[in-house]
Each structure stands twice: as C-alpha cells, then as structure tokens.
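K.L.:
the sequence and its predicted three-dimensional model are supplied below.
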Amino acid sequence: MSSLEVDPHLRDSVKTQVRHFASDFSALDQAFPGTYPRMIVRAEGAYLFDEDGHRSLDAGVSLGVCQIGHGRAAVANAVSDQIRQLDFVGLEAGFSHEPVARLAAELGPLMPMPDPGFSFTSSGSEANDVAFKLARAYWRVRGESGRFKIVSRSNSYHGAGFGGLSATGSDPFRAPFEPVVPGFVRTSQPSPGRCGYCSFGEPCTLACADDLARVIEREGPSSVAAFIGEPVSIFGAVKVPHPEYWHRIREICNAYGVLLIADEVVTGFGRTGRMFASSHWGIEPDMVTMAKGLTSGYVPMGATALGPRVQEVLGGTSLMHINTYAGHPVASAAALAALAITRSEGLVANAAALESVARSAFEAVAAGSERPTRVSALGLMTGIEVAVDDPPADLALQIRHALYARGVAVRTGVADGVAAVLFYPPLIVDEDVVRSGIAAIGEGLAEVGVL
C-alpha cells in the first residue's frame, strides 16, 4: 500500500470511531453510496488531494484556516527545529520561553489597538471563553461584579466550549446541550433577511445596530459586561455589515461602558484584505480573539488580545486561569513562521486586490439567476446567496457534493429560504484560480437547480 492509499478497514472504522463535525454518514451513504468519508491524503499550496487523486481547491472547507497555503517547508522546518530545542514548557509559576515572547512582540504592532497584552490558548473557542472570563473579571476588579452579561448576535458562532456555545446565536447548536451558561443574551445580526428588521434584498437600515442599545436597556446597563461580534460573520453565509454598522456599535458600547470584543478567529491575519478586519472601520476593540490564521492551521493555537482599557485593570493581576498548552513553544514557532510568510509574500495585499475579482465573478454567476441573489466580498472572504423556495432537506449536501466534483471544496448553508456558498481560499491564490473556482460554483449551483 502506497503512502497515498488508505486502508479500507480504517476508512470504514473512522465513520464510527471518530466523531466528525456535521457529518451524518448514514445519510451520506444513502445519498452517495461508497463515497464518504472523502479521505484527504495530501495537500499542497491551495489544493487538497483525496485517495483517488482528485484535486480540489480548498475554498473554505477547512474553515478558512490555511491562509498561507498547505505544505510550506518554512513552517515545517521551524516546527522541527523548535521540537528539537524545546518541545514544551508551560507558562506557569514564573516559567516562560523565548518563542512566545517573540510572538507577542511580533503580534503587538499588528493589532487594531495599541500596546496589547496576550493570553494564548489552544483554539479560537478557548480564546472566546477567555475573553468572557476576562470581561467578567474586569468588572469584578473594578467593583462592579453585577456586570456579568455577555451580548452576542443571532446567526453567529463563537466556539465549542460552553462559553462560546452560550454566545453562539444558533438554536440547533445550543439545544442538544442546554441549559447553557447563564448571562448570555442576543441582539440582531447585521444581515437583511436575518436581522428581523430588513428583508432579503433590501438595504440595511442600521436597526440591527440600534437593537444593541435596546437589549442593553432591557437587561439593565449595570448588568452588561461586554458585547461580542465577528467583524464579518460567516455563520451560514458571508455577512458583510453596513459601512456604518461598527461605528454605531462602538458608540453604543462607549455610551453604556460595555466592553467590545471582536471575534477575529476567522477574519484575522489578512483574510479580509486587512491584517485584522476591525481595521476596515477604524474601530478599536477592547479585546480581540484570534486563532486559525495565527499558525495558518499548522499547529493548533489561539489568543486573546487585551487592549489598554482592560490591560490597565487586569495587566498586573494573577487570575486563576490555567491552560496547559498556552503559548506552546512549538505553536509559537509555527505562528512566527506563518507571519513571516504572510509579510514576505504580501498575502494581505493579495487578498485585498482579489476582492474585486471575486466580486465580479460572483456577480456574473448571479446575473444568470432569475431568483433574488446577494453577492458579498471583503478581501478573500466572499460568497453568494440565492433565494430558494421549499429547498430539500439535503440541499446543502447536494451543493457541496456537486462542487467537489468540479474541484472546489466549500462550505455551504441553507436556511430561511436562502442557499449560500462561501468562498474563502488560501491567500496565495491568483486571479485565474479565483475566477475558475467561482465559475465552477456557478456550474454546480445550476446543476442542483439553485440558479
């Protein structure tokens, strides 16, 4: 058996012995007998290769993790060298190490706030949980322990831990595990057709932003610790907000003294054509959470950045928050190597330049539809939404399957009468890859009857 072949017994056993996110293998086997799981055996650049040699563009199926692309020798060498020198030491009881110190020094100037402090984690989910803990600790240290509530948005995703789950604005994610953590309340998502104020196809009126003030007033301002939101949410679809949305949110948070947490787990490290998406609107969050692009997925790592307001109160405190793998030296080395590639190859600028290419390509796809459509693009966070009537229960699966056959591995969403395809490939792609990938999406959507 070659290194690219998969043991058939392992292929079968993995379906029952390993839990896969959002994968109903019984339904998959019924719809496409013998096809799933798709065993990915190799990755190179912007592409994934399965056991049959089929090549597909990693256009978001990996959750937008691999900004610098797959198989970068510089990262592999940095990880290997670090393991040989110092494989692990914890950041506890006065111990530290050089790689995490270098990483914090590199990250500081990149953040959308001055002089940040960092709490490193193993994932974006944990980074958000840390932010919630720090928000509550901030107010407790200030003598306002009654401020404990966290406001998040509907149609959002903030992680798999109980804190992130409680903030996630999707009932199907929460219902199987309720009761969730108390003190989490919701406001509107800035997406016409999902916000509860504007309809699909209508312009945003910013009522979604003003809803935050209504929620704070309803809950009582003295009980609200923080608001969390992704600068651009991708839960179910790419949802680029109104240009004035974040300015209004920052004003409301300032007016009520509420901390603003920017969840940049997906949008950070160049995805939107800026190092951090918050910079598009010139807002300064009180905390920023990050992960995916921090190491480009080569080693699991996340972080919570604390702005000056929070640092002033908590910077000198010793909170009882323990994370064995915080600031792991090997993950720190991977992050430093990924950041070096991002800078040297101009990947943030490349994402910004390709925004117009992706937008025009998706608009060409939309022009072929008789149904209402919406195209969204900010850097290389792009997508298309199409209104659908009475969609079959497996429409999202049918779309993913059709697009994979055309060499594009994507994430899809079908809800509230709208089918969406998200397209966010590695930042190393060029114009030809973007155009051909989006053209394939249009062909796949036409095949399954969405266009």
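P.N.:
On my side now, so go ahead. Residues are numbered from 1 along each chain as shown.
K.L.:
the stretch 251-400 of the chain: helices as residue ranges?
P.N.:
Assigned by DSSP state H, counting those that start in this stretch, the stretch 251-400 of the chain shows helices spanning 308-314, 329-344, 347-367, 395-405.
K.L.:
how close does Val313 sit to Met113?
P.N.:
Using Cβ to Cβ, to the nearest Å, Val313 is found at 15 Å from Met113. (Each C-beta comes from the backbone N, C-alpha and C, glycine too.)
K.L.:
higher neighbour count, those two?
P.N.:
Comparing Val313 with Met113 by other Cβ atoms under 10 Å, the one with more neighbours is Met113, at 22 against 17.
K.L.:
confirm that one sits in a helix?
P.N.:
No: Met113 is assigned coil when assessed by DSSP: H, G, I helix; E, B strand; the rest coil, not a helix.
K.L.:
pull the contacting residues for it.
P.N.:
Listed by Cβ atoms under 8 Å, 6 or more residues apart in numbering, the contact set of Met113 reads 284-286, 288, 305, 307-308.
K.L.:
columns distance to Val61, neighbour count and pLDDT on top of these, output as a markdown table?
P.N.:
Output for the contacts of Met113, formatted as a markdown table (distance: Cβ to Cβ, whole Å; neighbours: other Cβ atoms under 10 Å; pLDDT from 0 to 100):
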| residue | distance to Val61 | neighbour count | pLDDT |
| --- | --- | --- | --- |
| Glu284 | 33 | 17 | 97 |
| Pro285 | 29 | 31 | 98 |
| Asp286 | 33 | 25 | 98 |
| Val288 | 26 | 31 | 98 |
| Ala305 | 28 | 29 | 98 |
| Gly307 | 33 | 23 | 97 |
| Pro308 | 38 | 15 | 97 |
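K.L.:
could I get the residues you listed as CSV with distance to Pro203?
P.N.:
Listed next are the contacts of Met113 as CSV, based on distance: Cβ to Cβ, whole Å:
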residue, distance to Pro203
Glu284, 27
Pro285, 26
Asp286, 30
Val288, 29
Ala305, 33
Gly307, 32
Pro308, 36
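K.L.:
from these, which is closest to Ala335?
P.N.:
Among these, Ala305 lies closest to Ala335 (Cβ to Cβ), at 13.3 Å.
K.L.:
go ahead and confirm the closest one touches Val288.
P.N.:
Yes: look at Ala305 against Val288 with Cβ atoms under 8 Å: they come within range, at 4.4 Å.
K.L.:
what touches both of the two?
P.N.:
With Cβ under 8 Å, 6+ apart, Ala305 and Val288 have common neighbours 111, 113, 116.
K.L.:
thinking again about what came up before, now the two most distant members of the contacts of Met113.
P.N.:
Farthest-apart pair in the contacts of Met113 is Val288 and Pro308; separation 12.6 Å (Cβ to Cβ).
K.L.:
what's the overlap in contacts for the two?
P.N.:
113, 116.
K.L.:
give me the next element, helix or strand, following the helix or strand bottoming out on mean pLDDT in the chain.
P.N.:
Using mean pLDDT, DSSP states H and E, helix 171-174 stands out as the lowest-scoring helix or strand of the chain, at a mean of 86. Moving toward the C-terminus from helix 171-174, the next helix or strand (DSSP states H and E) is strand 184-187.
K.L.:
check which helices and strands that next one sits against.
P.N.:
strand 149-153, helix 207-219 (3 or more Cβ pairs under 8 Å, 6 or more residues apart in numbering; DSSP states H and E).
K.L.:
got the end-to-end distance for stretch 419-439?
P.N.:
17 Å (Cα to Cα, to the nearest Å).
K.L.:
give the buried residues for that stretch.
P.N.:
The neighbour-count check on stretch 419-439 (16 or more other Cβ atoms under 10 Å) flags 419-429, 433-438 as buried.
K.L.:
for it, the averaged confidence score.
P.N.:
Here stretch 419-439 scores 98 as its mean pLDDT.
K.L.:
return the distance of that stretch from the chain's centre.
P.N.:
17 Å (Cα atoms, centre = their mean, to the nearest Å).
K.L.:
domain-wise, how is this structure divided?
P.N.:
8-68+346-447, 73-344 (automatic domain parsing).
K.L.:
give me whichever of those domains is most buried.
P.N.:
domain 73-344 (a mean of 20; mean count of other Cβ atoms under 10 Å).
K.L.:
closest to the centroid, which residue in this structure?
P.N.:
Centroid-nearest residue in the chain: Val266, 2.6 Å away (criterion: Cα atoms, centre = their mean).
K.L.:
avg pLDDT for stretch 361-373?
P.N.:
Here the average pLDDT along stretch 361-373 is 96.
K.L.:
got a list of contacts for that stretch?
P.N.:
200-201, 374-375, 377, 382-388, 423, 434-435, 438-439, 441-442, 445-446, 450-451.
K.L.:
if we can go back for a sec, counting contacts, what elements does the least confident helix or strand of the chain pack onto?
P.N.:
helix 162-167.
K.L.:
quick one: mean pLDDT over the helix it packs on.
P.N.:
Here the average pLDDT along helix 162-167 is 95.
K.L.:
which stretches of the chain have low pLDDT?
P.N.:
By pLDDT under 70, the weakly predicted segments of the chain are 1-3.
K.L.:
hmm, try it at 80
P.N.:
1-4, 316-318, 320 (pLDDT under 80).
K.L.:
still on that earlier bit, so which of the contacts of stretch 361-373 sit within strands?
P.N.:
Counting by DSSP state E, those place 374-375, 377, 382-387, 423 in strands.
K.L.:
rebuild these as JSON lines, extending it with distance to Arg218.
P.N.:
Converted to JSON lines, the ones in strands among the contacts of stretch 361-373 look like this (distance: Cβ to Cβ, whole Å):
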{"residue": "Arg374", "distance to Arg218": "30"}
{"residue": "Val375", "distance to Arg218": "35"}
{"residue": "Ala377", "distance to Arg218": "35"}
{"residue": "Thr382", "distance to Arg218": "36"}
{"residue": "Gly383", "distance to Arg218": "33"}
{"residue": "Ile384", "distance to Arg218": "36"}
{"residue": "Glu385", "distance to Arg218": "30"}
{"residue": "Val386", "distance to Arg218": "35"}
{"residue": "Ala387", "distance to Arg218": "32"}
{"residue": "Phe423", "distance to Arg218": "38"}
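K.L.:
for Leu397, state which of those is nearest.
P.N.:
For the ones in strands among the contacts of stretch 361-373, the nearest to Leu397 is Val386 (16.3 Å; Cβ to Cβ).
K.L.:
roughly how far apart are that closest one and Val433?
P.N.:
Distance from Val386 to Val433, by Cβ to Cβ: 23 Å.
K.L.:
show me what contacts the closest residue in space to Phe173 that isn't next to it in sequence?
P.N.:
Leaving aside its chain neighbours, Phe173 sits nearest to Leu165 (6.6 Å; criterion: Cβ to Cβ, 6 or more residues apart in numbering). Listed by Cβ under 8 Å, 6+ apart, the contact set of Leu165 reads 158-159, 173-174, 177, 180-181.
K.L.:
do that again at 10 Å, thanks
P.N.:
Each residue near Leu165 by Cβ atoms under 10 Å, 6 or more residues apart in numbering is listed here: 125, 128-129, 157-159, 173-174, 176-178, 180-181, 184.
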